[in-house]
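*Asks:* Fold the stuff below for me.
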Amino acid sequence: MAAIGELRQGGAVVTDVERDSEAYRDAELRAGDLLTEVDKKAIDGRDGFVRALEAVDAGDMFLIRVNRAANGNMRSFITALKKPSN
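*Replies:* Below is the predicted model of the structure:
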């Protein structure tokens, strides 16, 4: 599970990621990541992320575009997650 923060540069900031979660292990999300798209649609802040997830059925996979600052560079990648059933 990942905690998502408010609007930042046209996206939502990951504020926390549980190390034993699929978000950490499989999607490689980390605190500080900036999520800018869900299923190739731009999102604005936490509310935009939540609305985008509401359109995904439980158990379905969805894509996330992630921007991550590392060593003074910005890395952008797309990863996939499965929406939990609960």
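*Asks:* use CA for all of it now, contacts and neighbours both
*Replies:* Will do.
*Asks:* the helices in the protein, which residues?
*Replies:* 22-25, 45-54 (DSSP state H).
*Asks:* Let's have those in a markdown table, adding mean pLDDT, distance to residue 81 and mean neighbour count.
*Replies:* Shown next, in a markdown table, are those (pLDDT from 0 to 100; distance: least, C-alpha to C-alpha, whole Å; neighbours: other C-alpha atoms under 10 Å):
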| stretch | mean pLDDT | distance to residue 81 | mean neighbour count |
| --- | --- | --- | --- |
| helix 22-25 | 93 | 7 | 17 |
| helix 45-54 | 92 | 11 | 17 |
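*Asks:* any low-confidence regions in this structure?
*Replies:* 1-9 (pLDDT under 70).
*Asks:* Please repeat the previous calculation with a cut-off of 80.
*Replies:* Low-confidence segments of the chain (pLDDT under 80): 1-9, 86.
*Asks:* Can you pull out the residues in contact with stretch 21-28?
*Replies:* If you take C-alpha atoms under 8 Å, 6 or more residues apart in numbering as the criterion, stretch 21-28 is touched by 1, 2, 17, 18, 19, 29, 30, 79, 80, 81.
*Asks:* for stretch 37-44, same thing?
*Replies:* 7, 10-12, 35-36, 49, 52-53, 62-66.
*Asks:* So for it, first residue to last residue, what's the gap.
*Replies:* Stretch 37-44 has an end-to-end distance of 9 Å (C-alpha to C-alpha, to the nearest Å).
*Asks:* Show me how far stretch 38-54 is from its chain's centre.
*Replies:* Centroid separation for stretch 38-54 versus its chain: 9 Å, with C-alpha atoms, centre = their mean, to the nearest Å.
*Asks:* next one: stretch 45-60
*Replies:* Stretch 45-60 has its C-alpha centroid displaced from the chain centroid by 10 Å (C-alpha atoms, centre = their mean).
*Asks:* got it, and stretch 76-84?
*Replies:* The answer for stretch 76-84 is 7 Å, by C-alpha atoms, centre = their mean.
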